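*Asks:* With the sequence up front, the predicted model follows.
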Amino acid sequence: MSMSESFKNAEYASGSGQTSIAPPATTPTRMNQVTATGARVYYWDGAGRTRYGRVLRVVTSMDGTVLVEVRLENGDNVTLPATSVTRIT
């Protein structure tokens, strides 16, 4: 299943056809900061490079994983587990 399919499944899991945005995580506190739409974040890619971007949207998959879609500085979008990104303060 592709990440975009994961988003679609998470959004329509309720069966209502309405987009479901993830509720704010309660623990740990860092999760609340990362899951804020528009938050500036970074992560390390597979080659060990630091990648920077902004959170576009947040959803919770059917298995409870909080996923964030990040628009990178180069314009690409990536979808990652919220636990793999760090908010820049």
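*Replies:* Arrived safely, thanks for sending.
*Asks:* For the longest strand seen in the chain, enumerate the helices and strands it packs against.
*Replies:* Counting by DSSP state E, the longest strand found in the chain is strand 50-60. On a contact count with 3 or more C-beta pairs under 8 Å, 6 or more residues apart in numbering; DSSP states H and E, strand 50-60 meets helix 3-11, strand 40-44, strand 66-72, strand 77-81. From N, CA and C alone the C-beta is placed, and that goes for glycine too.
*Asks:* By mean pLDDT, show me the worst of those.
*Replies:* Confidence, taken as mean pLDDT, is least for helix 3-11 of these (a mean of 51).
*Asks:* Which strand residues bridge the residue nearest to Val70 when sequence neighbours are not counted?
*Replies:* Nearest residue to Val70 in three dimensions, chain neighbours excluded: Gly53, at 4.2 Å (C-beta to C-beta, 6 or more residues apart in numbering). As for beta bridges, Gly53 partners with Val41, Leu72 under DSSP bridges.
*Asks:* show me the contacts for Gly53.
*Replies:* Counting by C-beta atoms under 8 Å, 6 or more residues apart in numbering, Gly53 makes contact with 40-42, 70-73, 78.
*Asks:* can I get these in a markdown table with neighbour count?
*Replies:* Shown next, in a markdown table, are the contacts of Gly53 (neighbours: other C-beta atoms under 10 Å):
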| residue | neighbour count |
| --- | --- |
| Arg40 | 14 |
| Val41 | 23 |
| Tyr42 | 15 |
| Val70 | 23 |
| Arg71 | 14 |
| Leu72 | 16 |
| Glu73 | 10 |
| Val78 | 16 |
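*Asks:* from the residues you listed, which is closest to Ile88?
*Replies:* Using C-beta to C-beta, Arg40 comes nearest to Ile88 of these, at 4.4 Å.
*Asks:* My read is that Glu73 contacts Thr50, right?
*Replies:* No. Taking C-beta atoms under 8 Å as the definition, Glu73 is not a contact partner of Thr50, at 10.7 Å.
*Asks:* buried ones in stretch 46-56?
*Replies:* Residues of stretch 46-56 classed as buried by neighbour count (16 or more other C-beta atoms under 10 Å): 51, 53, 55.
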